[in-house]
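Colleague: When you get a sec, could you give me coordinates for this:
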Amino acid sequence: MAKKYHQGSDLRWITITTLLLAIGVILRLISPNIGGISLNWNIVMYVTAILLCRPTLKQGLGIGIVSGIIATMTSKAALPYANLLSDPAAAWSCALLVKTRIFNIKISRICIEPMIVIFITTFISGGIFVSLTKIVLALPMSLYLYAMLPAVLLVAALGALAGQLFYFPAARIFNSDGSEKNFLLKNINLNISKGEFFVITGVNGSGKSTLLLSLAGARPSYFAGFKDSQLFIDDIDIIKSDSAVLNKKIGVVMADYEAQLVTETINDEIAFSLENAGLSPAEIIKKRAEVLQKVGLKNLGNRQITSLSGGQKQRLVLAAILAMDTEVLVLDEPVAAVDPEGAREIYDLLYKLNKHDNKTIIVVEHDLKYVMDMISHMAVLENGQLMFTGEKQDCLKYMYTNKVYAEVIPLRWKIRWEMEQGLC
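Modeller: Below you'll find the model as predicted:
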């Protein structure tokens, strides 16, 4: 069974809600007020955030509290503090509606859930707000029934229309369509042995980086999980293992390796990793010297990271991972941002770590010319599926024959097959 990854389970909802509420505040301040009625962009935005992230009821209540505080500070109404009750109640109700998915209705392939949920949430919030205003200010019942409530209905209708139009571009930006049909990796049946040097290739968007991050227990928020898959590395069941276990056993070097550098000097960078692991100062100094020597950065410990070349920064990130003694190293396009000489040096280093230290190396790579002589097995992905895995010559032959990302096959292999077929 596919292991599901729920979008509301991480801090993604905080980021998206914060961004959308900020946009809502700006739009509410600049929106025109016609006849005392203006569109409540705060509600439109926090409902959009709830639809995108599907948070828990507790998280939905938290979103409402924040929105209520913002609305109180920016409102020009006679009783602004009523927002402190109306928005939390409405946001909690919205989270409940989204959780039950009772309005997940499609008309001509267009989901109208945003429009319905925004209308109901706005009416709940507005209804509570005007009811409190009537009670506290002792307003006439006729004014409440024939002016205030109709105004709430009008604002809710306008918000529903605006929210329906806004939701779909927002969903594309935040990599979610609000459904369970997020990105899946299918038929990923891999068993990578201990001490192997393994390459994964495929076109952009085929799922390589998603697979790599999942190996290290860092599943992206858009990733719904694995379907019909079994994935073992060094006898570690990747799909069933907790993220904490994978973090300790598998070290990852991302394509944007500079994002993994957090200190000012080489020495500080290695020490930072080791301090987090709880090592003593003496152990840190010893371990740091060992890993810097392995990656060829010995005697450069005091160098500023900003003064390093791309290849040196790549080596530094690798040294920080090596310092944690992980059994497996996974790297996402490790030579994409370095020159040919630096690329050869990086792969020579990885080869030594594989052969001398018995590290299991898994590389996601487009440019195969540097690595073909180092590996025995590889895999190719397409559209989130494993198309073929096996010995490198068999995998390359499959790619060549079936035109599956055949453009990355090194020229010498293509020439050999074309000669066999009498094509050249």
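Colleague: which SS class is the residue nearest to residue 365 when sequence neighbours are not counted?
Modeller: Residue nearest to residue 365 in three dimensions, not counting chain neighbours: residue 199, with 5.5 Å by CB to CB, 6 or more residues apart in numbering. Where you see a C-beta, it was placed from the backbone N, CA and C, and this is true even at glycine. Here residue 199 is strand, with the state taken from DSSP: H, G, I helix; E, B strand; the rest coil.
Colleague: begin at 54 from here
Modeller: All set: I'll call the first residue 54, so the last point we hit is now residue 252.
Colleague: so how far is residue 412 from residue 252?
Modeller: From residue 252 across to residue 412, the span is 15 Å (CB to CB, to the nearest Å).
Colleague: Span of stretch 380-400 from start to end?
Modeller: 18 Å (CA to CA, to the nearest Å).
Colleague: Actually, stretch 328-339.
Modeller: End-to-end distance for stretch 328-339, by CA to CA: 13 Å.
Colleague: now stretch 83-102
Modeller: 21 Å.
Colleague: repeat for stretch 85-95
Modeller: Stretch 85-95 has an end-to-end distance of 15 Å (CA to CA).
Colleague: can you give me the strands for the stretch 104-253 of the chain?
Modeller: 159-160, 163-164, 236-239, 242-245, 250-255 (DSSP state E, counting those that start in this stretch).
Colleague: swap in the stretch 354-477 of the chain?
Modeller: 381-385, 413-417, 430-435, 438-444.
Colleague: I'd like the ones you listed laid out as TSV, including mean neighbour count, distance to residue 126 and mean pLDDT.
Modeller: TSV is the format used below for those (neighbours: other CB atoms under 10 Å; distance: least, CB to CB, whole Å; pLDDT from 0 to 100):
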stretch	mean neighbour count	distance to residue 126	mean pLDDT
strand 381-385	24	43	92
strand 413-417	24	47	93
strand 430-435	22	49	93
strand 438-444	17	50	93
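Colleague: which non-adjacent residue is nearest residue 440?
Modeller: Distances taken as CB to CB, 6+ apart put residue 433 closest to residue 440, at 5.0 Å, once the chain neighbours are dropped.
Colleague: The one you found pairs with what?
Modeller: residue 254, residue 441 (DSSP bridges).
Colleague: Test my guess that it contacts residue 445.
Modeller: No - at 10.7 Å, residue 433 does not count as touching residue 445 under the criterion of CB atoms under 8 Å.
Colleague: quick one: contacts for residue 299?
Modeller: The contact partners of residue 299, taken as CB atoms under 8 Å, 6 or more residues apart in numbering, are 268, 269, 270, 289, 291.
Colleague: Sitting in strands, which of those residues do you find?
Modeller: Counting by DSSP state E, the part of the contacts of residue 299 found in strands is residue 289.
Colleague: Let me know the secondary structure of the spatially most central residue of the chain.
Modeller: When CA atoms, centre = their mean is applied to the chain, the residue found nearest the centroid is residue 273 (3.3 Å). Secondary structure, three-state DSSP: residue 273 is coil.
Colleague: Which pLDDT value goes with it?
Modeller: pLDDT recorded at residue 273 is 70.
Colleague: how does this protein divide into domains?
Modeller: Using automatic domain parsing, the domains assigned to the chain come out as 60-226, 236-473.
Colleague: Let me see the contact set for residue 246.
Modeller: Neighbours of residue 246 in contact, by CB under 8 Å, 6+ apart: 287, 413.
Colleague: quick one: it and residue 186, what's the gap?
Modeller: Applying CB to CB to residue 246 and residue 186 gives a distance of 70 Å.
Colleague: picking up where we left off before, from the contacts of residue 299, keep the buried residues only.
Modeller: 268, 269, 270, 289, 291 (16 or more other CB atoms under 10 Å).
Colleague: which non-adjacent residue is nearest the fourth one?
Modeller: Excluding its sequence neighbours, the residue lying closest to residue 289 (CB to CB, 6+ apart) is residue 302, at 6.0 Å.
Colleague: what's that neighbour in contact with, if anything?
Modeller: By CB under 8 Å, 6+ apart, the neighbours of residue 302 are 287, 289, 379, 380, 381.
Colleague: And the pLDDT at the fourth one?
Modeller: Among the per-residue scores, residue 380 shows a pLDDT of 87.
Colleague: Point out where the protein drops to low pLDDT.
Modeller: Residues of the chain that meet the criterion pLDDT under 70 lie in 54-64, 88-89, 228-235, 274-275, 475-477.
Colleague: And for residue 460, the neighbour number?
Modeller: When neighbours are counted by other CB atoms under 10 Å, residue 460 registers 9.
Colleague: no wait, residue 290
Modeller: Neighbours of residue 290 (other CB under 10 Å): 11.
Colleague: Could you give the bridge partners of it?
Modeller: Residue 290 has these beta-bridge partners by DSSP bridges: residue 285.
Colleague: didn't it look like it was pressed against residue 284?
Modeller: Yes - if you go by CB under 8 Å, residue 290 and residue 284 touch, sitting 7.5 Å apart.
Colleague: Could you check how far the residue nearest to residue 418 is from residue 434?
Modeller: Residue 252 sits 11 Å away from residue 434, going by CB to CB.
Colleague: Also residue 132?
Modeller: 58 Å.
Colleague: Determine the number of other residues adjacent to residue 194.
Modeller: For residue 194, using other CB under 10 Å, the count is 8.
Colleague: still on that earlier bit, nearest to residue 190, out of the strands of the stretch 104-253 of the chain?
Modeller: Closest of these to residue 190 is strand 163-164, at 40.0 Å (criterion: CB to CB).
Colleague: Show me the strands paired with that closest one, marking each as parallel or antiparallel.
Modeller: With DSSP bridges as the test, strand 163-164 is paired with strand 159-160 (antiparallel).
Colleague: if we look at the partner strand, which residues are touching it?
Modeller: The contact list for strand 159-160, computed with CB under 8 Å, 6+ apart, reads residue 165.
Colleague: right, and residue 123 touches residue 94 too?
Modeller: No - taking contacts as CB under 8 Å, residue 123 lies outside contact range of residue 94: 10.8 Å.
Colleague: shared neighbours of these two, anything?
Modeller: Common neighbours of residue 123 and residue 94 (CB under 8 Å, 6+ apart) are 77, 78.
Colleague: Just want to know which of the two has more residues nearby.
Modeller: The neighbour comparison of residue 123 against residue 94 (other CB under 10 Å) goes to residue 94, with 23 against 19.
Colleague: Please list all residues in contact with that one.
Modeller: Going by CB under 8 Å, 6+ apart, the list of residues near residue 94 reads 76, 77, 78, 80, 81, 84, 212, 215.
Colleague: who wins for neighbours among the residues you listed?
Modeller: residue 212 (26 neighbours).
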